[in-house]
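Engineer: fold the following and give me the result.
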Amino acid sequence: MPTEITIPRLGWSMEEGTLTEWLKSDGQWVERGEMLFVLEGDKAAQEIESFESGVLRIPPDGPRPGDTVKVGQVIGFLVEQGAAAPFERPAAERQAVESEPMDPPAIASPPPAAGPAARRVARELGVDLAHATGTGRGGRILAADVRHLVAGPRASGHPSHPGPRDALPAEANSASVSAGHYLAEKTSPSESPRRNVASPRARRVARELGIDWTLLHGTGRGGRVRERDVRAAAEQAPPATASSRRRTIADRMVASLRATAPVTLTSRASAANLLNLRAQFKVAAAGCEASLPEAAAPSLTELLVKLAAAALARHPEINSRWEGEQSVRLSDIHIGVAVDDDSGLVVPVVHDVPKLGVRQIAARLRELVEKARSRRLTADEMSGGTFTITNLGMFGIDAFTPILNPPQTAILGVGAIRREPVILADDRIVPGNLMTLSLTFDHRVIDGAPAARFLRTLVETIENPAAWLVT
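Structural biologist: Numbering: from 1, shown residues only. Predicted structure coming up:
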């Protein structure tokens with residue numbers, strides 16, 4: 001029995017994604033555990049593996065790279081060696097399944113005889129063999145007949161059947177489709193489509209720029225698509241309207257505002273001891289050579305992740321989520337950190353923060369940030385968060401209203417550290433380093449007083465960080 005290849009759900013809220021590229025070709029044998037295709041979900045692109053072995057069969061009318069696909073959508077099949085895919089069943093069998101019970105049975109002519117080479121070429125070019133006229137012995141369809149068919153009516157005398165790469169959507173709203181139009185303008189009508197190959201670097205750049213490299217004519221040896229071919233197509237293509245990730249971010253933000261009752265509290269904390277602690281980490285890192293490089297010194301955000309976890313442990317009602325019609329407190333503390341890149345916002349998650357030391361948190365978060373900016377985050381690395389931190393202080397922002405990341409209950413916004421005068425208890429005025437914290441919480445789950453108590457504890461941890469980091 002053939003195995004259906006379906007679109008998986010990469011995130012709890014994912015309903016659709018973008019098929020970036022096939023990693024295996026139609027007709028190629030696939031082993032269990034091998035990567036089949038690249039799918040872009042809510043926040044990142046991910047390679048999807050095969051859970052079965054078999055020959056990959058991609059329907060001629062299946063989605064092309066760059067197309068939007070729904071979760072659960074069937075995009076291909078794995079069949080046994082020599083077996084036919086469901087879309088290759090005889091016409092009579094397909095009509096019997098699709099027709100109404102009272103309809104008379106359809107009588108279809110047997111499929112035309114064709115050699116293995118002709119069928120392979122037909123699959124590659126997306127040609128229906130029923131439209132081809134064979135010139136071989138006994139009317140057998142040859143590979144040349146298939147290529148002749150695609151060349152056009154003037155060359156073959158028969159109407160051509162457009163392949164999947166020819167059927168561009170009526171309204172081009174992405175860079176990959178625009179690149180396809182650019183290709184069409186540069187291609188002679190008499191040229192036959194061919195199976196493109198691309199270098200690994202070209203594939204990566206194509207994913208980053210949203211270009212369907214299979215539509216391009218390569219300048220490399222044998223027509224191989226190179227990086228410069230992809231970049232040239234991106235320059236020729238008009239600006240895209242909205243990427244799949246941007247649309248997903250927009251939908252999630254609107255859904256968050258509609259489904260929650262957000263309230264934001266702000267408070268200020270002295271960051272003098274926090275800055276002093278980080279300076280000590282930097283001195284310790286600089287004093288070691290190979291065992292503790294400079295990169296081991298944690299950033300302010302990485303220190304705040306650890307301090308926020310300490311405050312959440314004291315106020316477990318903040319570490320909760322709204323499920324169905326009730327609030328559920330969570331025993332584990334997993335903190336997400338908002339990361340901005342060229343294509344939008346992603347939130348990688350540091351799991352089990354209380355179990356990690358400061359340097360472990362720093363190493364893990366830096367790994368996640370690097371993967372986020374190269375769009376290599378996995379679904380697991382973006383899921384399970386119970387609290388989120390977003391830091392805009394490096395942009396000079398003092399205070400802002402962060403938007404909740406459902407189903408989480410709260411999110412912390414961190415502002416810039418400002419050098420300002422501070423009035424002490426004895427009325428002396430001294431210079432100080434102050435930072436603003438903005439806590440947005442879901443008022444359906446948390447009342448104002450518990451949220452204020454949590455924020456007060458968080459201020460205490462920032463003003464005396466060392467005491468909280470050793471607990």
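
Engineer: I'd guessed Pro354 sits against Ala313; true?
Structural biologist: Yes. Pro354 lies in contact with Ala313 (CB atoms under 8 Å); the separation is 6.3 Å. For the C-beta atoms, the positions are set from N, CA and C on the backbone; glycine is no exception.

Engineer: shared neighbours of these two, which are they?
Structural biologist: Ile333 (CB atoms under 8 Å, 6 or more residues apart in numbering).

Engineer: can you map out the helices along the stretch 301-450 of the chain?
Structural biologist: Using DSSP state H, counting those that start in this stretch, the helices found in the stretch 301-450 of the chain span residues 358-373, 448-463.

Engineer: and the first one, what's buried?
Structural biologist: Neighbour-count burial for helix 358-373, with 16 or more other CB atoms under 10 Å as criterion, is recorded at 358, 361-365, 368-369, 371-372.

Engineer: spell out the secondary structure type for Val146.
Structural biologist: Under the three-state scheme (DSSP: H, G, I helix; E, B strand; the rest coil), Val146 adopts helix.

Engineer: for the closest residue to Gly413 other than its chain neighbours, grab the count of nearby residues.
Structural biologist: Spatial nearest neighbour of Gly413, chain neighbours left out: Ser438 (3.6 Å); criterion: CB to CB, 6 or more residues apart in numbering. Look at Ser438: counted by other CB atoms under 10 Å, it has 22 neighbours.

Engineer: over to the one 3 residues further on?
Structural biologist: Residue neighbour count, defined by other CB under 10 Å, stands at 28 for Phe441.

Engineer: what bridges to it?
Structural biologist: In this entry, Phe441 is beta-bridged to Val263, Ala410, by DSSP bridges.

Engineer: how much space separates Arg419 from Ala297?
Structural biologist: Distance, Arg419 to Ala297, by CB to CB, to the nearest Å: 22 Å.

Engineer: with neighbour numbers in mind, choose between the two.
Structural biologist: Taking neighbours as other CB under 10 Å, Arg419 and Ala297 compare with Ala297 leading, 20 against 8.

Engineer: residues contacting that one?
Structural biologist: 278, 281-282, 284-286, 362.

Engineer: out of the helices of the stretch 301-450 of the chain, which gets nearest to Arg329?
Structural biologist: Counting by CB to CB, Arg329 lies closest to helix 448-463 out of the helices of the stretch 301-450 of the chain; the figure is 11.9 Å.

Engineer: would you mark the buried spots in the helix or strand just after that closest one?
Structural biologist: Sequence-wise, the next helix or strand downstream of helix 448-463 (DSSP states H and E) is helix 465-469. The neighbour-count check on helix 465-469 (16+ other CB under 10 Å) flags 465, 468 as buried.

Engineer: same check, this time on stretch 262-277
Structural biologist: Residues of stretch 262-277 classed as buried: 262, 264-266, 268-275, 277 (neighbour count, 16+ other CB under 10 Å).

Engineer: if you look at these, which of them are in strands?
Structural biologist: Mapping the buried residues of stretch 262-277 onto strands (DSSP state E) picks out 262, 264-266, 268-270.

Engineer: surely Gln46 and Phe37 touch.
Structural biologist: No. Taking contacts as CB under 8 Å, Gln46 lies outside contact range of Phe37: 9.9 Å.

Engineer: now Asn391, nearest residue through space, not along the chain?
Structural biologist: Nearest residue to Asn391, sequence neighbours excluded (CB to CB, 6+ apart): Val414, at 4.1 Å.

Engineer: residues touching Val459, list them.
Structural biologist: Val459 neighbours (CB under 8 Å, 6+ apart): 267-269, 437.

Engineer: quickly note the distance from Glu80 to Gly336.
Structural biologist: 44 Å.

Engineer: between the two, which is the more surrounded one?
Structural biologist: Higher neighbour count among Glu80 and Gly336: Gly336, with 25 against 12, using other CB under 10 Å.

Engineer: next structured bit after the one helix or strand in the chain whose mean pLDDT sits lowest?
Structural biologist: In the chain, no helix or strand scores lower on mean pLDDT, DSSP states H and E than helix 175-186, which sits at a mean of 37. Remark: after helix 175-186, the chain's next helix or strand is helix 200-209, criterion DSSP H and E.

Engineer: for the helix or strand just after that next one, packing partners?
Structural biologist: Going down the chain from helix 200-209, the next helix or strand is helix 227-236, by DSSP H and E. Where contact means 3 or more CB pairs under 8 Å, 6 or more residues apart in numbering; DSSP states H and E, helix 227-236 is packed against helix 175-186, helix 200-209.

Engineer: re the thing from before, farthest pair in the contacts of Ala297?
Structural biologist: Going by CB to CB, the pair spanning those furthest: Ala286 and Ala362, at 15.2 Å.

Engineer: I figured Pro450 was touching Ile318, is that so?
Structural biologist: Yes. Counting by CB under 8 Å, Ile318 is a contact partner of Pro450 at 7.2 Å.

Engineer: mind showing which ranges of the stretch 351-471 of the chain have poor pLDDT?
Structural biologist: 471 (pLDDT under 70).

Engineer: what is the neighbour count of Asp26?
Structural biologist: 19.

Engineer: what about it, which SS state?
Structural biologist: Applying three-state DSSP: Asp26 is coil.

Engineer: Thr388 versus the residue lying closest to Ala451 once chain neighbours are set aside, what's the distance?
Structural biologist: Nearest non-adjacent residue to Ala451, counting by CB to CB, 6+ apart: Phe441, 4.6 Å away. Counting by CB to CB, the gap from Phe441 to Thr388 is 12 Å.

Engineer: what touches both of the two?
Structural biologist: Contacts common to Phe441 and Thr388, judged by CB under 8 Å, 6+ apart, are Ala410.

Engineer: reformat the ones in strands among the buried residues of stretch 262-277 as TSV; add distance to Thr133 and pLDDT.
Structural biologist: Formatted as TSV, these follow (distance: CB to CB, whole Å; pLDDT from 0 to 100):
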residue	distance to Thr133	pLDDT
Pro262	66	93
Thr264	71	96
Leu265	76	97
Thr266	76	97
Arg268	81	96
Ala269	80	96
Ser270	85	95
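
Engineer: just put the residues you listed in TSV and tack on distance to Trp22.
Structural biologist: Listed next are these as TSV, based on distance: CB to CB, whole Å:
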residue	distance to Trp22
Pro262	41
Thr264	45
Leu265	49
Thr266	49
Arg268	53
Ala269	51
Ser270	56
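
Engineer: closest one to Ile141 out of these, please.
Structural biologist: Pro262 (64.2 Å).

Engineer: that closest one reaches His443, doesn't it?
Structural biologist: Yes. Counting by CB under 8 Å, Pro262 does reach His443; the two are 7.3 Å apart.
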